[in-house]
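>>> sequence and predicted structure, then a few things I'm wondering about:
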Amino acid sequence: MSALLRRTAAIAALFLGGCAAFSSPEREFSSNERVLSGIESRLDYHVDRGAYRLVRAEVTEDAVTLHYLGVETPGDQAWVVRFSEKSSELAPDRLAKVAPAIAVIAEEELQPGFAPGAPAQSEVLGVRLESASYTFRSSLAPSGRTGRGIIAALRRTERNEPVVYQIKLDNHGDRESLTTADLAPFLAPLAE
């Protein structure tokens, strides 16, 4: 058999025997799940992994922002911000109110078609908070569906220091409404 014929036969065998030689293996990466879990452990803030999955964290000197995606309800996206209140804060009560956060969310480039409800005081799992629900146009929502959200704020003491939590939960079209009860997975770590 000539060299050209052997080469042609080898190439034909690769194609006829399946293209496994040319397919790429399953994509692997080094997950940061342990790092994200470490942040939750350090904060002593653990959200039910059956309901939400922590996908990103941002840490600064005085704030931690945890970003979650829904597991039970895939259209859910949430963030939890934990602020360490500074003694030099000019208006510390402002962080524990939803009105300033609503003003930020209402900016057209952040939430088109944003329509907020009135802030209200409530208690969920023994945690007192202020919250407001809202609707918005979502580019992720199925045609004709409205995105829904709720934002909550609360102040508490942790390790003898005042901290403020802001929790925002958005749903992009597969829930008819969101209430403070839907914040329970994010409030459970704060329940006493």
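Looks like it arrived, so ask away. Residues are numbered from 1 along each chain as shown.
>>> can you give me the separation between the spatially most central residue of the chain and residue 124?
Nearest to the geometric centre of the chain sits residue 68, at 2.4 Å (C-alpha atoms, centre = their mean). Distance, residue 68 to residue 124, using C-beta to C-beta, to the nearest Å: 17 Å. C-beta here means a position set from N, CA and C on the backbone, and glycine is covered the same way.
>>> on that earlier part again, look at the residue nearest to the centre of the chain and tell me its secondary structure.
Secondary structure, DSSP: H, G, I helix; E, B strand; the rest coil: residue 68 is strand.
>>> give me the contacts around stretch 114-134.
Contact with stretch 114-134 is made by 96-99, 102, 105-106, 108, 111, 135-136, 148-154, 156, 177-181, 183-184, 187-188, 190-192, as judged by C-beta atoms under 8 Å, 6 or more residues apart in numbering.
>>> now swap in stretch 54-68 and tell me
35-37, 39-40, 43, 45, 47, 52-53, 69, 76-84, 86, 186.
>>> what subset of the residues you listed is buried?
36, 39-40, 43, 45, 47, 52, 76-83, 186 (16 or more other C-beta atoms under 10 Å).
>>> now, those residues that are in helices?
Counted as lying in helices by DSSP state H, out of the buried ones among the contacts of stretch 54-68, are 36, 39, 40, 43, 186.
>>> report the separation between the first one and residue 191.
The gap separating residue 36 from residue 191 is 22 Å, by C-beta to C-beta.
>>> please apply the same query to residue 32.
28 Å.
>>> centre of the chain to whichever strand or helix holds residue 56, how far?
According to DSSP states H and E, residue 56 maps onto strand 52-59. Distance of strand 52-59 from the chain centroid (C-alpha atoms, centre = their mean, to the nearest Å) equals 6 Å.
>>> pLDDT weak spots in the chain?
1-30, 87-92, 108-111, 141-142, 144, 192 (pLDDT under 70).
>>> show me the helices in the chain, by range?
3-16, 33-43, 92-95, 98-106, 184-187.
>>> tell me which strands and helices the last one is in contact with?
This points to helix 184-187. strand 161-171 (3 or more C-beta pairs under 8 Å, 6 or more residues apart in numbering; DSSP states H and E).
>>> quick one on the thing from earlier: okay, and the beta partners of the residue nearest to the centre of the chain?
Beta-bridge partners of residue 68, counted by DSSP bridges, are residue 54, residue 78.
>>> distance of it from residue 114?
Residue 68 is 21 Å from residue 114, by C-beta to C-beta.
>>> do residue 82 as well
Residue 82 is 24 Å from residue 114, by C-beta to C-beta.
>>> likewise residue 140?
From residue 140 to residue 114 the distance is 15 Å (C-beta to C-beta).
>>> now do residue 145
Residue 145 is 16 Å from residue 114, by C-beta to C-beta.
>>> same thing with residue 60?
The value you get for residue 60 to residue 114, if C-beta to C-beta is used, is 26 Å.
>>> these two: who's more crowded?
residue 114 (17 against 9; other C-beta atoms under 10 Å).
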